[in-house]
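Visitor: No letters, just coordinates:
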């Protein structure tokens, strides 16, 4: 008899030296119950299932029942966590294998919260329900905001308690990603066993993600610059919608350019570059405005790890690495300016654009204006009748913005139509996320599903969801998010 869920698996990661992973099966849970199944994602992946066998589906997505084609492993890696280097690895996640889609694309299928591994470092290897729902929700939000991201295929309630700041219900999430290769994976390859397997990892990463680089004169440099380009674009997209990852350690930076490892993530409401929500980021290292600088710092860790593969001559390797790394600020600035022009409905380049953009952001910061709503009001041509928005400074800025559009010989309506493609009407507001998670833990999934419906069409304003644009006064002042580990 066939399984209730059908995959088309491959397991190329296990062809790497065993140094990179440990074979280990998920730890069975007591009474798995399937709570969420991402049917749209399943269809894209070519994963089929028998809805009449819902109980068996829960067993599979919990890891209680293994798919025959899998070779379950925990990946080994290292990383800089808040700037300090340490040995890490999948402490509560198990990679089942790679799903080959009907289009021939390859995606990792990983169970998160599936039990202890050799890399658990004293942890329980489990995840709690609210944290896994947060990852499901946030990864779907970024997907529909058209931002590269890992996604969530399923969430299973385990029927077992998880002990964190309080006792919470446990869960297992099925995560889908182009791969789980991280900057930290390369740091691990460079810093352990004398770097003997660094070239193996580089060859694998290029073959899997960037096969067009095989003919490059210097594959390590070409690989690095490809990753740098992807990371610059990703961070610019985060900045576009006010997303704060919250824990940009090098082990959370995927070389495929996807957002990954959703822990204390959140969206900024009032525009303030210093915004931090993560309870463990006490110094603001990963604040909204610091994200491009941290991406650059993380890339410096990657290029450092790649030095032996760049050249056997150390001086030559360092020289080439420094030259590549120095390109990041200009790449990022160009992408950021292009993004901000689109947010303002502009299609041409003007030397004064940076000044125009900075004036608006400066006004928003001074007024504590909502980042998402301000651009929404601008594109709709209608501002609230509040003192903040009835500002002479804003009126003067709007007049200059309209002149800038006119200089392109375009109408305001044309610019606003362009803006609606990049400025969301809806984001997962922090208070709505918390409402949904708290209700779900008590067995009521309706607020969560309602929020999920809202974020699946973020660029379409629907009056019936207008309350999802509102933010309770002072809510963010004491708001904190947590890693869930």
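Guide: Looks like it came in fine. Since this is a predicted model, take the numbers as computed values, not measurements. Numbering: from 1, shown residues only.
Visitor: Could you measure from residue 110 over to residue 64?
Guide: Residue 110 sits 16 Å away from residue 64, going by CB to CB, to the nearest Å. The C-beta positions use only the backbone N, C-alpha and C, and glycine is treated the same way.
Visitor: can you check residue 298 too?
Guide: In terms of CB to CB, residue 298 sits 36 Å off from residue 64.
Visitor: Please apply the same query to residue 368.
Guide: Look at residue 368 and residue 64: by CB to CB, they are 49 Å apart.
Visitor: do residue 159 as well
Guide: For residue 159, the distance to residue 64 equals 11 Å [CB to CB].
Visitor: the more surrounded of these two?
Guide: Neighbour count, other CB atoms under 10 Å: between residue 159 and residue 64, residue 64 has more, with 20 against 15.
Visitor: Name the nearest residue to the more buried one, sequence neighbours excluded.
Guide: Using CB to CB, 6 or more residues apart in numbering and skipping residues adjacent in sequence, the residue nearest residue 64 is residue 28, 4.6 Å away.
Visitor: which SS class is that neighbour?
Guide: The local conformation at residue 28, judged by DSSP: H, G, I helix; E, B strand; the rest coil, is coil.
Visitor: What about it, how many residues nearby?
Guide: 14.
Visitor: quick one, what contacts it?
Guide: Residues near residue 28 by CB atoms under 8 Å, 6 or more residues apart in numbering: 62-64.
Visitor: do the same with residue 98
Guide: Counting by CB under 8 Å, 6+ apart, residue 98 has contacts 9-13, 106-109.
Visitor: One more pass at 7 Å, please.
Guide: By CB atoms under 7 Å, 6 or more residues apart in numbering, residue 98 lies in contact with 9-12, 106-108.
Visitor: That one - that's part of a helix, no?
Guide: No: looking at residue 98 with three-state DSSP, it is strand, so not inside a helix.
Visitor: Specify the beta-bridge partners of it.
Guide: Here residue 98 sits in beta bridges with residue 10, residue 108, going by DSSP bridges.
Visitor: That one and residue 262, how far apart?
Guide: Residue 98 is 21 Å from residue 262, where distance means CB to CB.
Visitor: can you check residue 173 too?
Guide: Residue 173 is 10 Å from residue 262, by CB to CB.
Visitor: residues bridging contact with these two, i.e. touching both?
Guide: Taking CB under 7 Å, 6+ apart as the criterion, residue 173 and residue 262 both touch residue 135.
Visitor: where does the protein dip in pLDDT?
Guide: Along the chain, the parts satisfying pLDDT under 70 run over 1.
Visitor: Now residue 111: which helix or strand?
Guide: Element membership for residue 111, per DSSP states H and E: strand 106-112.
Visitor: In that strand, which residues are buried?
Guide: Neighbour counts over strand 106-112 (16 or more other CB atoms under 10 Å) mark 107-112 as buried.
Visitor: likewise stretch 51-69?
Guide: The neighbour-count check on stretch 51-69 (16+ other CB under 10 Å) flags 53, 56-65 as buried.
Visitor: What of stretch 256-275?
Guide: Neighbour-count burial for stretch 256-275 flags 256-272, 275 (criterion: 16+ other CB under 10 Å).
Visitor: Then stretch 207-217?
Guide: The neighbour-count check on stretch 207-217 (16+ other CB under 10 Å) flags 208-210, 213 as buried.
Visitor: now do stretch 147-166
Guide: 147-158, 162, 164.
Visitor: Now the phi/psi pair for residue 322, please.
Guide: Here is the backbone geometry of residue 322 (degrees, to the nearest 10): phi -60, psi -40.
Visitor: And the one 5 residues further on, by the same measure?
Guide: Main-chain dihedrals, residue 327, degrees, to the nearest 10: phi -80, psi -20.
Visitor: Then residue 370?
Guide: Note on residue 370: backbone dihedrals following degrees, to the nearest 10 are phi -70, psi 130.
Visitor: Would you check that it makes contact with residue 270?
Guide: Yes: look at residue 370 against residue 270 with CB atoms under 7 Å: they come within range, at 6.0 Å.
Visitor: Helix or strand: which one has residue 80?
Guide: strand 78-81.
Visitor: The next helix or strand after that strand pairs with which strands?
Guide: Later in the chain than strand 78-81, the nearest helix or strand by DSSP H and E is strand 84-87. Strands adjacent to strand 84-87 in the sheet, as given by DSSP bridges, are strand 78-81 (antiparallel).
Visitor: Pull the residues that contact the partner strand.
Guide: Applying CB under 7 Å, 6+ apart, the set of residues contacting strand 78-81 from outside is 85-88, 184, 187-188, 191, 249-251, 301.
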